[in-house]
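**Student:** give me a 3D structure for the following:
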Amino acid sequence: MPQFAANLSMLFTEQPFLDRFAAAREAGFDAVEFLFPYAFDPDQIADRLHRHQLKLVLHNMPCGDWNAGDRGMACDPRRNDEFREGVQLAIEFATELDVTRLHCMAGKVPHGLDIERARETYIQNLQYAADQCRKHGIDVMIEPINSYDMPGYFLNRSRQALDIMDACDRPNLFLQYDIYHMQRMEGELANTIRAHLPRIGHMQLADTPGRHEPGTGEINYPFLFKLLDELGYDGWIGCEYNPRAGTVEGLGWRTGL
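**Tutor:** Residues are numbered from 1 along each chain as shown. You can find the predicted model right below:
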């Protein structure tokens, strides 16, 4: 059975963020992930991880102003300096928290920017991020996100991400494969996973429609979990979904596997 990490940005939101670590452990999780740690001192998060014997498997690099609509800046040539500062901050947190995977959000394509210029900027910034992270034993993830939930986002499909990775040519750059996003954009889940598993560094899940827990929608998760076991996937799967009711009430899908 795959290893599951609770996404604390979406699960246990009935509680303040720093209390969600205890809730995840109580619910039987051994690992967690979340979007951003930067509103807290790293010592606060490290204390919760140690106290509840949890592993932090992933967080994002800074994305700009999330509340103002930013979803990353890596494809925006006007923000290269800000992006590089964010890479360094992410590395500082990752080394403090013993994180070996950082997700770099591509961002939305700025209005009026030529798409090829956005691609070139994204590649150059990913190369910089990967080079900096490699010094610290950190892998960089890139994640295609569906264009229904996030219109204008630069990276939408797995093939596009793999082509970007080829262009970057960095050994510590991997695909973050979100099953929910890729079902919405392209389907072909099993065949894509089977074909590209060595290049997948992290996975995430939710069902569709609704982005709720497995078993609430159209994705055959028991089949996919069995496939991942057969293929020998030994990474983590982040549970990045909106519980249809309460978080704990929605965890029955794990016991039913």
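**Student:** gap between Met61 and Pro37?
**Tutor:** Counting by C-beta to C-beta, to the nearest Å, the separation of Met61 from Pro37 is 11 Å. Where C-beta positions appear, they are placed from N, C-alpha and C, glycine not excepted.
**Student:** tell me which helix or strand comes right after the one helix or strand Leu58 maps to.
**Tutor:** For Leu58, the host element (DSSP states H and E) is strand 55-60. Using DSSP H and E, the helix or strand that directly follows strand 55-60 along the chain is helix 80-97.
**Student:** and that following helix, what does it pack against?
**Tutor:** helix 42-51, strand 55-60, strand 101-103, helix 115-134 (3 or more C-beta pairs under 8 Å, 6 or more residues apart in numbering; DSSP states H and E).
**Student:** mean neighbour count added to the ones you listed, as JSON lines?
**Tutor:** Compiled in JSON lines, the helices and strands packed on helix 80-97 are given as follows (neighbours: other C-beta atoms under 10 Å):
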{"stretch": "helix 42-51", "mean neighbour count": "15"}
{"stretch": "strand 55-60", "mean neighbour count": "22"}
{"stretch": "strand 101-103", "mean neighbour count": "22"}
{"stretch": "helix 115-134", "mean neighbour count": "19"}
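**Student:** hang on, the earlier thing: chain center to the strand holding Leu58, what's the gap?
**Tutor:** 9 Å (C-alpha atoms, centre = their mean, to the nearest Å).
**Student:** the inter-axis angle of it versus helix 42-51?
**Tutor:** Counting by axes from the mean of the first three to the mean of the last three C-alpha atoms, to 10 degrees, strand 55-60 points 150 degrees away from the direction of helix 42-51.
**Student:** for Asp19, find the nearest of the helices and strands packed on helix 80-97.
**Tutor:** With C-beta to C-beta, the closest approach to Asp19 among these belongs to helix 42-51: 8.6 Å.
**Student:** pLDDT on the closest one, on average?
**Tutor:** Here helix 42-51 scores 98 as its mean pLDDT.
**Student:** output the below-cut-off pLDDT ranges for the protein.
**Tutor:** The model of the chain has pLDDT under 70 over residues 256-257.
**Student:** picking that back up, now the helices and strands packed on helix 80-97 as CSV including distance to Glu33?
**Tutor:** Formatted as CSV, these follow (distance: least, C-beta to C-beta, whole Å):
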stretch, distance to Glu33
helix 42-51, 12
strand 55-60, 4
strand 101-103, 9
helix 115-134, 17
